[in-house]
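Peer 1: After the sequence you'll find the predicted model.
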Amino acid sequence: IVLDDTKSTHHFETIQSTNWQNVRFKPPPFGSEIGWRVEFRSMELQFTEFENAAFVNFITLASRAILYYGLNFYIPISKVDENFHRAHKRDAVNLERFWWRTCSSSNSSLNMKAMSIEEILNGTQECRGLISIIRSYLEVIGCNEATLQEVRPYLRFIQDRANGSIWTNAKWLRHFVDTHAKYEKDSTLTMEICRDLIDTQQKLVTGELHDERLLGNLVQIKTRYYKRVPLNYICNPCTAAKLLSKL
């Protein structure tokens, strides 16, 4: 295929799309008024919709606060790669430290420090945490109390995950397998273990089972968040607008 690279980004995107890090730099498409973009790609699908909503709310508010205050969290790509290697280790969220800017002002010089996830989110004497930046942003834009009541449990959940008081999905999965009666400590997951794991996860999703180690006491999925909507209601074009109005 012959392509003119001065008129098409196809070749660039072919290479760019092979790099699946947690942040992706996206140039403006040809013939479009869209500007340069930074795409956050760090979300993993969680067990419940409350967990997913917490992470979506957090990353959305963090990105808006960064843009609003003009913050600079750039660090050398070599340090980003080092952070990834550390993140791959077991229970890294509580045991590892990651390179982070101690000052995020747009005109600040590059000063970095290896910090825990809790320190990055909650802050230290040297560095303001992302959670406090988000709360400051919500206050500045005049967020109403009703919205704040919805957002607070999400931010608290993120903080609790960071400080280790609530387990990650990975830690919960490891514990489930390790304590299963049929697990023989040989790294082999039998069909029975897998079936029990999926059954338990489904109970967590529907709220039939609540595990404070995973969700804390911030939410009861069954009574507050889990909504049963008939499939034919979702797929019926006549009721789609009514359904969307309830979201």
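Peer 2: Yep, it's here.
Peer 1: For the host helix or strand of Q202, give the mean pLDDT please.
Peer 2: According to DSSP states H and E, Q202 maps onto helix 191-206. The average pLDDT for helix 191-206 rounds to 94.
Peer 1: just stretch 37-56 next, same as before
Peer 2: Mean pLDDT, stretch 37-56: 83.
Peer 1: List the buried residues of that stretch.
Peer 2: Across stretch 37-56, burial judged by 16 or more other Cβ atoms under 10 Å covers 46-48, 50-51, 53-55. Where you see a C-beta, it was placed from the backbone N, CA and C, and this is true even at glycine.
Peer 1: lowest-confidence helix or strand of this structure?
Peer 2: Each helix and strand of the chain was given a mean pLDDT (mean pLDDT, DSSP states H and E); the minimum falls on helix 231-235 at a mean of 50.
Peer 1: any weak-confidence spans in the protein?
Peer 2: Scanning the chain for pLDDT under 70 picks out 1, 19-23, 41-43, 224-247.
Peer 1: Over to the nearest residue to F25 once chain neighbours are set aside: give its phi and psi.
Peer 2: Nearest residue to F25 in three dimensions, chain neighbours excluded: V38, at 6.0 Å (Cβ to Cβ, 6 or more residues apart in numbering). Torsion angles at V38 (phi, psi; degrees, to the nearest 10) stand at phi -120, psi 120.
Peer 1: So V38 sits against A62, correct?
Peer 2: No. Applying Cβ atoms under 8 Å as the test, V38 and A62 come out as separate, 12.0 Å apart.
Peer 1: The helix or strand hosting A62 - contacts with which helices or strands?
Peer 2: Assigned by DSSP H and E, A62 belongs to helix 49-69. Counting contacts by 3 or more Cβ pairs under 8 Å, 6 or more residues apart in numbering; DSSP states H and E, helix 49-69 is packed against helix 130-140, helix 145-163.
Peer 1: buried ones in the first one?
Peer 2: Judged by neighbour count (16+ other Cβ under 10 Å), helix 130-140 contains these buried residues: 130-131, 133-135, 137-138.
Peer 1: Report the angle between that helix and helix 145-163.
Peer 2: Going by axes from the mean of the first three to the mean of the last three Cα atoms, to 10 degrees, helix 130-140 is angled at 170 degrees with respect to helix 145-163.
Peer 1: what separates helix 130-140 from the chain centre, distance-wise?
Peer 2: Chain-centre distance of helix 130-140: 18 Å, with Cα atoms, centre = their mean, to the nearest Å.
Peer 1: which strands and helices sit next to it?
Peer 2: helix 49-69, helix 117-122, helix 145-163.
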